[in-house]
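Trainee: build me a model:
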Amino acid sequence: MAADLSVLVQPFRTKVGSLVDACARRGCELRPYMARRDPFEQARLWRQSRSIEEITKKIDTLKAAGAPFLAKCIDQVGPQSGSLVTNAPPGFSWHQWDEAVDCFWVVRGAAEWSTRRLINGLNGYQVLADEAEKLGLTAGGHWKSLKDWPHVQLRPAAAPSDAMSVKDINTAMQQRFG
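Mentor: Sure thing, here's the model as predicted:
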């Protein structure tokens, strides 16, 4: 599966191409598999590791903050199950803004997900994070909590909520995806 990189904002799209090339020069093939993620998919990922109490509280909090569309995204995707993969509810991930990409490490034609495995002394995710930062990108593998090794984003702000209000995020997401 390959990500559609054409949806990425131009400065980021160019850097992602440079990033993949830099990783390859170091002997690690990294393949983008997720670029744009709509807010409903983000809601599924966020919701899959949450209790009904947490989900209800987030829906109520979003509604109270003037974000009914984001609340609807969480409510409409219904029950999900799985492990914790994101702390970002819909609209709060740079994936919804075309400013983030997730990559997997390819080893002998197969996806390798280990962040500890070394091949020729290198781990593909470590290489991805190091090369991303050389290009001025933010690497999820270097985050202090909930490390997201496949993730790279354009902005240093952890989330859109660091740059705009919840109400503005809701309006933008509704215009783009609603």
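Trainee: which residue ranges of this structure form strands?
Mentor: Shown for the chain, the strands assigned by DSSP state E span residues 29-34, 100-107, 110-112, 138-139, 151-153.
Trainee: okay, buried residues for the third one please.
Mentor: It refers to strand 110-112. Neighbour-count burial for strand 110-112 flags residue 112 (criterion: 16 or more other CB atoms under 10 Å). (C-beta placed from N, C-alpha, C; glycine too.)
Trainee: ok, residue 70 - contacts?
Mentor: 39, 62, 89, 90, 91, 166, 169, 170, 173 (CB atoms under 8 Å, 6 or more residues apart in numbering).
Trainee: quick one, phi psi at the closest residue to residue 166 other than its chain neighbours?
Mentor: Closest residue to residue 166 apart from its sequence neighbours, by CB to CB, 6 or more residues apart in numbering: residue 65 at 4.2 Å. Main-chain dihedrals, residue 65, degrees, to the nearest 10: phi -90, psi 10.
Trainee: surely residue 65 and residue 171 touch.
Mentor: No. At 11.9 Å, residue 65 does not count as touching residue 171 under the criterion of CB atoms under 8 Å.
Trainee: tell me how many other residues surround the residue nearest to residue 166.
Mentor: When neighbours are counted by other CB atoms under 10 Å, residue 65 registers 16.
Trainee: same thing with residue 12?
Mentor: If we define neighbours as other CB under 10 Å, then residue 12 has 24 of them.
Trainee: same question, residue 147
Mentor: Count around residue 147 with other CB under 10 Å applied: 14.
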